[in-house]
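> Sequence plus predicted model, see below.
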Amino acid sequence: MASKGKVRGASGQYPLVQNVTVTEGGTANLTCRVEYNDNTSLQWSNPAQQTLFFGDKKALRDNRIELVHASWSELTISISDVTLSDEGMYTCSLFTMPVRTAKAYLTVLGVPEKPEIDGLTKPAMEGDHITLTCITQGSKPAADLRWFRNEKEVKGAKEVNASGKTFTVRSSLQLYVDRDDDGVAYTCRVDHVALSQSPQQATEVLEVHYAPRVEINHFPAVPQEGQYLKLECMSRGNPSPDPVMWTKDGGELPDLDRMIVQGRELTFTSLNKTDNGTYRCEASNHLGTSSAEYVLYVYDAPTTPPPSTILPLHPIPPDPTALLGTYVSDPTVTGNRDPNALGQHGTDHALIGGVVAVVVFVTLCLIIVLGRYLARHKGTYLTNEAKGADDAPDADTAIINAEGNHAHAEEKKEYFI
């Protein structure tokens with residue numbers, strides 16, 4: 001690649017050049033042009049001021065340097081298989097009086113080597129602390145190292161050291177290993193301007209050994225007498241804890257004809273009450289042992305058979321009058337019942353409800369009338385003795401007086417409406 005930095009002479013005829021950037025091992029083209037030339041020769045010199053070409057004449061014996069184009073207005077040469085030692089200031093001279101010169105800087109990019117990852121032990125143990133170190137050499141300028149855990153980038157600690165014209169770059173990544181790291185790929189990638197098309201990277205996959213962990217899954221959720229039951233021992237460990245061991249109440253399984261062990265599964269072909277108990281699954285590897293328990297209680301089989309779900313071959317079309325209700329019956333359950341029966345029951349219920357409402361209304365009316373009658377007939381009522389007791393010396397005289405006053409009472413009757 002070339003960066004356009006033109007260098008011009010002070011006055012009159014002057015050469016024009018451009019700075020050039022090339023990757024190590026590539027080819028650099030150096031071009032010198034003159035806008036106005038009166039048949040004056042052009043010359044290219046290297047940083048050591050050694051003449052490379054004078055016009056179309058090669059002056060330095062270097063097979064990597066070749067003539068591309070030579071004329072009165074342009075001199076272009078190429079340097080193939082460029083090395084870091086080729087970097088520096090190159091001079092184009094126009095031999096006028098005085099001599100005009102222009103300088104072009106050749107930058108050589110050092111290609112970083114493929115990275116290497118150190119510090120990985122295989123296998124790693126759960127709980128270990130390890131440090132992964134990624135190293136790349138020969139970069140110029142210094143490369144950048146990036147870490148990835150699978151596809152997610154993680155941060156490392158970078159260190160850069162110069163070695164001559166190039167750099168050695170290290171990046172460290174500290175890990176606390178757990179079982180979730182088993183099978184995880186850690187990648188170190190080199191980013192550099194010289195690797196824009198094909199970045200370098202190295203990958204290591206962690207192998208983590210860990211003790212097993214066990215849990216038991218069961219199906220169905222509610223075990224019933226006469227049904228089957230499957231217990232599955234889910235064990236996770238590395239190395240894989242195979243095979244697993246099943247026990248009941250601390251001893252061996254009692255009935256291997258109905259209790260079938262296949263791999264990690266324990267299957268009961270037909271449950272009964274004697275199967276009640278605690279079942280244990282145990283798994284182990286060289287790092288440890290783990291177990292899980294399942295308490296089995298067998299429930300009674302349902303006494304009421306479930307409703308039939310088999311549809312008749314020729315279903316009977318529903319009566320339109322039956323659609324007046326909101327209940328839809330199963331034709332396999334109702335049998336030969338009158339399809340209008342539901343509508344008739346609905347009519348009877350409505351009639352009974354109306355009669356009850358009328359009776360309640362009449363009763364309330366009678367209670368209200370009786371209450372008003374009793375409230376209007378309140379007063380004081382005296383016995384015959386009391387009516388004649390005001391002026392009588394004894395009880396007999398009081399009765400006689402009361403009878404005498406009875407006639408007057410007839411004249412004093414009051415009527416209540």
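Now that the structure is in, tell me what you want to look at. Residues are numbered from 1 along each chain as shown.
> ok, the closest residue to Gly55 other than its chain neighbours - contacts?
Excluding its sequence neighbours, the residue lying closest to Gly55 (Cβ to Cβ, 6 or more residues apart in numbering) is Ser41, at 4.7 Å. Just so you know, the C-beta spots here come from the backbone N, C-alpha and C atoms, and that holds for glycine as well. Neighbour list for Ser41: 54-55, 94-95 [criterion: Cβ atoms under 8 Å, 6 or more residues apart in numbering].
> Quick check on these: which are buried?
Neighbour counting by 16 or more other Cβ atoms under 10 Å classes 54-55, 94 among the contacts of Ser41 as buried.
> thinking again about what came up before, what does the residue nearest to Gly55 show for phi and psi?
phi -70, psi 150 (degrees, to the nearest 10).
> Flag the least confident of the contacts of Ser41.
Among the contacts of Ser41, Phe95 has the lowest pLDDT, at 88.
> That residue reaches Thr40, doesn't it?
Yes - using Cβ atoms under 8 Å, Phe95 is in contact with Thr40, at 5.5 Å.
> burial of Pro220, as a residue count?
10 (other Cβ atoms under 10 Å).
> repeat for Ile367
9.
> Next one: the residue nearest to Met234 when sequence neighbours are not counted relative to Asp249, how far apart?
Nearest residue to Met234 in three dimensions, chain neighbours excluded: Glu215, at 5.0 Å (Cβ to Cβ, 6+ apart). According to Cβ to Cβ, to the nearest Å, Glu215 stands 20 Å off from Asp249.
> where does the residue nearest to Met234 land in three-state SS?
Assigned with DSSP: H, G, I helix; E, B strand; the rest coil, Glu215 falls in the strand class.
> Roughly how far does Trp246 sit from Ala221?
Applying Cβ to Cβ, the value for Trp246 to Ala221 is 20 Å.
> Out of the contacts of Ser41, name the ones that lie in strands.
Applying DSSP state E to those, the entries found in strands are 54, 94.
> which one of the contacts of Ser41 sits closest to Val359?
Using Cβ to Cβ, Leu94 comes nearest to Val359 of the contacts of Ser41, at 131.4 Å.
> Would you mind giving me the confidence score for the residue nearest to the closest one when sequence neighbours are not counted?
Distances taken as Cβ to Cβ, 6+ apart put Arg100 closest to Leu94, at 4.1 Å, once the chain neighbours are dropped. What the model reports for Arg100 is a pLDDT of 91.
> Correct me if wrong: Arg100 contacts Val17.
No - the pair Arg100 / Val17 is not scored as a contact, 11.4 Å apart, by Cβ under 8 Å.
> Low-confidence ranges, the stretch 1-150 of the chain, go.
1-12 (pLDDT under 70).
> and with 90 instead?
Within the stretch 1-150 of the chain, the stretches with pLDDT under 90 are 1-14, 35-41, 61, 72-73, 95-99, 120-122.
> Would you mind naming the residues that bridge with the spatially most central residue of the chain?
Note on the chain: the residue nearest the mean C-alpha position is Lys152, at 15.0 Å, using Cα atoms, centre = their mean. Taking DSSP bridges as the rule, Lys152 bridges to Arg149.
> Flag every buried residue along stretch 230-240.
Using 16+ other Cβ under 10 Å as the burial criterion, the residues of stretch 230-240 that qualify are 231-233, 235-238.
> Quick check: of the residues you listed, which lies closest to Asp81?
When these are ranked by distance to Asp81 (Cβ to Cβ), Asn238 comes first, at 50.4 Å.
> Can you dump the C-alpha atoms of stretch 242-256 in PDB for me?
Output in PDB follows, covering the C-alpha atoms of stretch 242-256 (Å, rounded to 0.1, in the frame of the first residue of the first chain):
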ATOM      1  CA  ASP A 242     -21.600 -45.900  34.300                       C
ATOM      2  CA  PRO A 243     -23.300 -48.100  35.300                       C
ATOM      3  CA  VAL A 244     -25.500 -46.800  38.000                       C
ATOM      4  CA  MET A 245     -26.800 -49.000  41.000                       C
ATOM      5  CA  TRP A 246     -30.400 -49.200  42.100                       C
ATOM      6  CA  THR A 247     -31.400 -50.400  45.700                       C
ATOM      7  CA  LYS A 248     -34.600 -50.500  47.700                       C
ATOM      8  CA  ASP A 249     -34.600 -49.600  51.400                       C
ATOM      9  CA  GLY A 250     -30.900 -50.200  51.600                       C
ATOM     10  CA  GLY A 251     -31.000 -53.600  50.000                       C
ATOM     11  CA  GLU A 252     -31.300 -55.300  46.600                       C
ATOM     12  CA  LEU A 253     -34.400 -55.000  44.400                       C
ATOM     13  CA  PRO A 254     -36.800 -57.700  45.600                       C
ATOM     14  CA  ASP A 255     -38.700 -58.600  42.400                       C
ATOM     15  CA  LEU A 256     -36.600 -58.500  39.300                       C
END
